[in-house]
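> sequence first, predicted coordinates after that:
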Amino acid sequence: MSDNQLEQFRAETKQWLEANCPESMRRPIQEEDDVCWGGRNFKFQSDDQKAWLDRMAERGWTTPTWPKEYGGGGLSREEAKVLKEEMKNIGARPPLTSFGISMLGPALLKFGTHEQKQEHIPKIVRGEIRWCQGYSEPNAGSDLASLGTKAEDKGDHFLINGQKIWTSYADKADWIFCLVRTGPKEPKHTGISFILFDMESKGVSTKPIKLISGYSPFCETFFDDVEVPKANLLGELNKGWTIAKYLLTHERAMIGDMGLPAPLTPMARECVGVDSNNQLQDKALRADLAAHEIDGLAFALTMERAGDEAKAGASLGAFSSMLKYYGTELNKSRHELILKLKGSDALEWEGQASQNGKIAKQWLRTKANSIEGGTSEVMLNIVSKRILELPDA
Amino acid sequence: MALVLTEEQTLLKDSASGFFAERSPISSLRDLRDSYDSQGYKSDLWQEMAEMGFTSLLLSEDEGGTGFGFVGAGIVAEEMAKTLAPSPFIASSIVATSLLKATKNAHLSDVASGQKIATLAVDETGHHSPYTPKTTSDSDGKVSGNKTFVPEGKAADFVIVTADRPGGFALYLVEKDATGFSAEQTIMADSRGWAKLSFDNTPATLLASGDAAKAILANALSKANIILSAELLGLSQAAFDMTVNYLKERKQFGQIIGTFQSLQHRAAHMFSEIETTRSIVLAALQAADSKDVDDQRLAIMASAAKARASKMAELVSNEAIQMHGGIGMTDEYDIGFFIKRARAVQNLYGGYHYHLDRFASLNGY
């Protein structure tokens, strides 16, 4: 695409966004309620939130680079970057956030049949179906491939029995993409299949888990004689591990991508105070803050570089494990720093002054970042084996 | 601008990499050290670097240079650092060239061609404090005072020197045979061409004075620190690669030590520190070439890159020795040269804390 065409696209996009993005959708996301997850049972926060989703979905711009054939935007990477920049310019919120977009979609597009794509992709694009991910089990955490939820071949369907855990938002999801054991006699990595099914199927139940943050984003999910049509298998039987790994690469890139977070400077100046040289009163804390902001800048630039290298044809591969490791550890240290900047006020758990302990609860929420989607230790294992090629014991 | 090298830049990287590996392996630095060479580099290597166009990277083709700019200079600095090749590249082709270019000095072409060596004399104590020199000058331009930690100070044909002049700060140019000037070699841990300089009523040419001089120096030091960050990146990458290779060879307890998870995780963590530093260094190099980046933004990127690269280099150079075990402590093994050079580069034009402080101030806290 020529620069001229791209500039024309930018002008048109700017105009369209100006006309179609409601004013109230141009404010930063503050609360969980501000996020539009979509799905059968989603309660829109406002008419504006719904209108913004519908308008963007109609153009396929909830998933800008996905093929038009399945309802996506059909944009090139350059055009998608322009769209992102123009949205950022007016402060537009993402119209839709979902695991369908960030995780399942790319795997469906790569491994799905035409029929499967036709059935599922448009509903993801329009935010009609909310997906959850059935990976971890009580005895299969970091050692995910030892999972035991079984799917038995019953002729025209699979019969699924077992339990998943840490299923994000399972209680709010409409469908699940799930790893199940179909080859109990195969070596552990080769007996796993990747299957999709409706959470309203008979025999599926969920139970939220209350966390140290007080939030319950995760659930236990139980399958008791759940019947799933064979057509719902994604990819080949017993080849689910390949899809699982492909999808994890996307998940890790997403979890690691905290973007370039807002500078902590205004909070620091307000909470710590400044001296006559316009410097923070607490010099030791000032140095810690500067070091953290520099690390944040280096990481944001690394995300950008990884994106640019991918555009130039390089494959991200195990590098995404490094990004996941670094990004999540960085986010944890950011929240520790916020605690230091705010002092004891940060620990208020209830009451209006603290917005019911927002700072404290967000701080504790970040502790899961380096566990979910593969622990920091597993990420370091992957980097040392796949990138540094250090030998196995 | 995309954070990837262009095709031309990749070619430059490959040619620089091959050049330094062949023409200046680490044994070359060892020879210079063992022979107490007072110049600190080999003239024939410098001659070849000039022929390769490495001395004129910062000059456009119209100005008689190769037009690779700071990204190109960063690439050369990184590759040069992998074999610790000693040369006046940074002192003369980067720092002095930037200053001579900014002050439109007639010596620029001789310095850019590599025929003459120039350097900046800015530090007076072990701590970098560039805008408050104790060195003085009278209104006739006679300079008096002492400078320390001057790279290639013994070899330089010209020295750009900071001084306190009646009415404010000033930058001067001193020729090496000027009266009252003397340069004394300082043998330092990294075995490079450092010197202490003294000026006693030394006649000098005024390059710039007042706030203009401070601005010119600040801009040149920002750029210098960005190139030094690239050098730290290169030497850390080389030390890291040597270390990872060693982990794959060394056996203890009947197995390759690289199979131990405690070492694997530390190596993987170092990888993440190197790669995140690589991104900020490339972004800073691009900023130095960009016409849209103002001095304040450039200074922020420079301090961020230098602080980051310094912290990373400290980690990697220490781990490199630790993971080599006893052999890492021996002079015979090359790994020790990396930690010595790393600390010198970290200190030059401000260390980790200097740049943290500067980064914070520039960002309004």
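Sure, I can see it.

> state the pLDDT value of the residue nearest the centre of chain A.
The centroid of chain A falls nearest to residue A:254 when counting by Cα atoms, centre = their mean (4.8 Å). On the pLDDT scale, residue A:254 is placed at 70.

> host element of it?
Here residue A:254 sits within helix A:240-256, counting by DSSP states H and E.

> show me where chain A has strands.
All strands of chain A, identified by DSSP state E, fall at A:131-134, A:150-153, A:157-168, A:175-181, A:192-198, A:204-209, A:218-229, A:233-234.

> now render those as CSV, adding mean pLDDT.
Converted to CSV, these look like this (pLDDT from 0 to 100):
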stretch, mean pLDDT
strand A:131-134, 96
strand A:150-153, 96
strand A:157-168, 96
strand A:175-181, 97
strand A:192-198, 97
strand A:204-209, 97
strand A:218-229, 97
strand A:233-234, 97
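
> of all these, which one is nearest residue A:329?
Distance to residue A:329, taken as Cβ to Cβ, is lowest for strand A:157-168 among these, at 19.5 Å. Bear in mind the C-beta positions are built from the backbone N, C-alpha and C, glycine included.

> name every strand pairing with the closest one and say which way it goes.
Strand A:157-168 sits in its sheet next to strand A:150-153 (antiparallel), strand A:218-229 (antiparallel), going by DSSP bridges.

> break the chain into its domains for me.
Chain wasn't specified; assuming chain A. Per the record's domain assignment (automatic domain parsing), chain A is made up of the domains A:3-97, A:131-238, A:257-387.

> oops, chain B please
B:7-112, B:118-210, B:213-362.

> so which of those domains is nearest residue A:158?
The nearest among the domains of chain B, by Cβ to Cβ, is domain B:213-362 at 37.4 Å.

> average pLDDT for that closest one?
98.

> ok now it, how far from the chain's centre?
12 Å (Cα atoms, centre = their mean, to the nearest Å).

> give me the distance between the two termini of it.
End-to-end span of domain B:213-362 (Cα to Cα, to the nearest Å): 19 Å.

> what about it and chain A, touching?
Yes: shown here: domain B:213-362 in contact with chain A (Cβ under 8 Å from any Cβ of the partner chain) through B:244, B:247-248, B:255-256, B:258-261, B:263-265, B:267-269, B:271-272, B:275-280, B:282-283, B:304, B:307-308, B:311, B:353, B:356-357, B:359-361.

> take the residues you listed and keep only those in helices.
B:244, B:247-248, B:261, B:263-265, B:267-269, B:271-272, B:275-280, B:282-283, B:304, B:307-308, B:311, B:353, B:356-357, B:359-361 (DSSP state H).

> returning to that earlier point: can you put the domains of chain B in TSV and add distance to residue A:24?
What follows is the domains of chain B, written out as TSV (distance: least, Cβ to Cβ, whole Å):
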stretch	distance to residue A:24
domain B:7-112	43
domain B:118-210	50
domain B:213-362	33
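
> CSV please, covering the ones you listed and showing distance to residue A:136 and mean neighbour count.
Formatted as CSV, the domains of chain B follow (distance: least, Cβ to Cβ, whole Å; neighbours: other Cβ atoms under 10 Å in any protein chain shown):
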stretch, distance to residue A:136, mean neighbour count
domain B:7-112, 42, 20
domain B:118-210, 51, 19
domain B:213-362, 22, 21
